[in-house]
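Participant: A predicted structure for the sequence below; I have some questions about it.
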Amino acid sequence: MSNLCVFDHPLIQHKLSVLRDEKTSVKEFRELISEISMLMCFEVTRNLALEEVDVQTPVAVAKCRRLAGKKLAVVPILRAGLGMVDGMVNMIPNVKVGHIGLFRDPETLEPVKYYFKMPPDIGERDVIVVDPMLATGGSASAAVTFLKEAGAKSIRLMDIIAAPEGVERMQKDHPDVDIYVAALDDHLNDHGYIVPGLGDAGDRIFGTK
């Protein structure tokens with residue numbers, strides 16, 4: 001799984017243990033999703049290009065480095081992906097945010113796009129697709145396909161928990177997309193839930209069932 005990065009940072013792993021707990025409240029769950037997203041953002045953006053600039057300090061001119069090249073876009077997959085946006089925006093305040101809404105056709109079982117709104121220059125941006133769970137990989141694969149059709153060329157996928165089945169689907173459909181996760185779990189159960197997972201991320205973020 002050469003294009004898969006699993007974070008082992010102690011802070012991420014600690015917060016993930018609380019996130020999984022069925023006793024964690026909606027309020028704390030939301031906060032943890034945002035905090036983990038912020039921590040993961042450091043590594044997901046590690047290889048962004050930099051350029052040298054001169055900065056006048058109160059004492060002298062400092063040789064500094066700033067982000068160069070392409071601009072960034074964060075694209076949550078609705079609805080659970082919304083829970084990760086604030087953490088990303090806190091780290092990258094100027095980032096543009098697109099949205100992808102998908103539902104599964106009851107007959108074909110294939111993802112269908114019902115909402116797609118991107119920055120007009122999406123083709124010029126480094127795109128980070130965010131969704132707490134990578135289960136079967138169907139929604140993530142479809143989202144990346146739609147982004148490529150819209151002109152996006154540089155795409156990364158960031159999930160908090162992934163199943164091997166979802167990773168394999170993404171690597172098969174989009175081998176050019178790097179995948180970043182906080183945990184690679186064991187398998188999917190008969191209902192398509194990640195085991196051990198954390199249940200339905202969307203329901204736990206928004207307090208629904």
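Facilitator: Ah, there it is. Note that this is a predicted model, so its numbers are computed, not measured.
Participant: use CA for all of it now, contacts and neighbours both
Facilitator: Fine.
Participant: flag the shaky bits of the chain, pLDDT-wise.
Facilitator: For the chain, applying pLDDT under 70 flags the ranges 1, 70, 109.
Participant: partners of the residue nearest the centre of it in the sheet?
Facilitator: Ranked by distance to the mean C-alpha position of the chain (Cα atoms, centre = their mean), the top residue is V130 at 2.2 Å. Under the criterion DSSP bridges, V130 forms beta bridges with P76, M158.
Participant: surely it is in contact with G81?
Facilitator: Yes. Between V130 and G81 there is a contact under Cα atoms under 8 Å: 5.5 Å.
Participant: against E110, how distant is the residue nearest to the centre of the chain?
Facilitator: 20 Å (Cα to Cα, to the nearest Å).
Participant: can you tell me the closest non-neighbouring residue to F206?
Facilitator: In this structure, F206 finds its nearest non-sequential neighbour in V26, 7.1 Å apart by Cα to Cα, 6 or more residues apart in numbering.
Participant: these two touch, right, that neighbour and G202?
Facilitator: No. Using Cα under 8 Å, V26 is not in contact with G202; the gap is 10.6 Å.
Participant: ok, those two, which is more surrounded?
Facilitator: Of the pair V26 and G202, G202 is the one with more neighbours under other Cα atoms under 10 Å, namely 19 against 15.
Participant: and the more buried one, which of the three is it?
Facilitator: Here G202 is recorded as helix under DSSP: H, G, I helix; E, B strand; the rest coil.
Participant: the spatially closest residue to it that is not a sequence neighbour: neighbouring residues, count only.
Facilitator: The shortest distance from G202 to any non-neighbouring residue, by Cα to Cα, 6+ apart, is to A80 (4.4 Å). Burial of A80 is recorded as 21 neighbouring residues (other Cα under 10 Å).
Participant: also N90?
Facilitator: Neighbours around N90, by other Cα under 10 Å: 15.
Participant: which residue is most remote from the mean position of the chain?
Facilitator: Max radial position in the chain (Cα atoms, centre = their mean) goes to V59, at 40.6 Å.
Participant: any idea which element that one lies in?
Facilitator: V59 belongs to no helix or strand when assigned by DSSP states H and E.
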